[in-house]
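Q: okay, predicted coordinates and the sequence, questions at the end:
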Amino acid sequence: MRKQKVYLEHANITVNDLQEAIKFFQSAFPHFKIRGGGDENREWVHLGDDDTYIALNQAHQNELKSEGSYNRIGINHLGFVVQDVEEIANNLLINGYKRDYPKQIEQFRIRDYFADADGNQYEFVQYLSELVQEKNSYNN
């Protein structure tokens, strides 16, 4: 059986404020553009580049998900591999977003976590090695 290359094409997220969500992602990834969206039934956009995007949907009610730990059922965070985690963090901090978890500097990776206005958490990870065994090392 042939090993297939797999990558996450998109995530689909419902948000309380569509414009605020667009601002969050464009702060982190300034090159993300609106690829398409909207229709007469609901307000939505696909925001990204040629390879990956975030599908953002405008919520119809103002209910934030519950705060708390990873003990609840559902998505805990989405992780993005980036070339320069410090640049991403600076873009988000300049635009008023706060770290949602302490930055983690490890031997083979740096990870930083931010939350959007709805409390959705995103991890930005920069690998410091090209070797698979080092990228996947959990002995830091």
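A: Looks like it arrived, so ask away.

Q: check which helix or strand the spatially most central residue of the chain maps to.
A: Within the chain, the residue whose C-alpha comes closest to the C-alpha centroid is residue 122; the distance, by C-alpha atoms, centre = their mean, is 4.1 Å. Using DSSP states H and E, residue 122 sits in strand 121-127.

Q: one more: residue 19?
A: Using DSSP H and E, residue 19 sits within helix 18-28.

Q: quick one, that helix and strand 121-127 angle?
A: Taking axes from the mean of the first three to the mean of the last three C-alpha atoms, to 10 degrees, one finds that helix 18-28 is oriented at 20 degrees with respect to strand 121-127.

Q: helix 18-28: which residues count as buried?
A: Neighbour-count burial for helix 18-28, counted by 16 or more other C-beta atoms under 10 Å, picks out 18, 21-28. Backbone N, C-alpha and C define where each C-beta goes, glycine included.

Q: which other helices and strands contact the strand holding residue 122?
A: Strand 121-127 sits against strand 78-81, helix 85-94, strand 109-115, with contacts defined as 3 or more C-beta pairs under 8 Å, 6 or more residues apart in numbering; DSSP states H and E.

Q: tell me which of the ones you listed sits most buried.
A: Compared across those, strand 109-115 shows the largest average neighbour count, a mean of 19 (mean count of other C-beta atoms under 10 Å).
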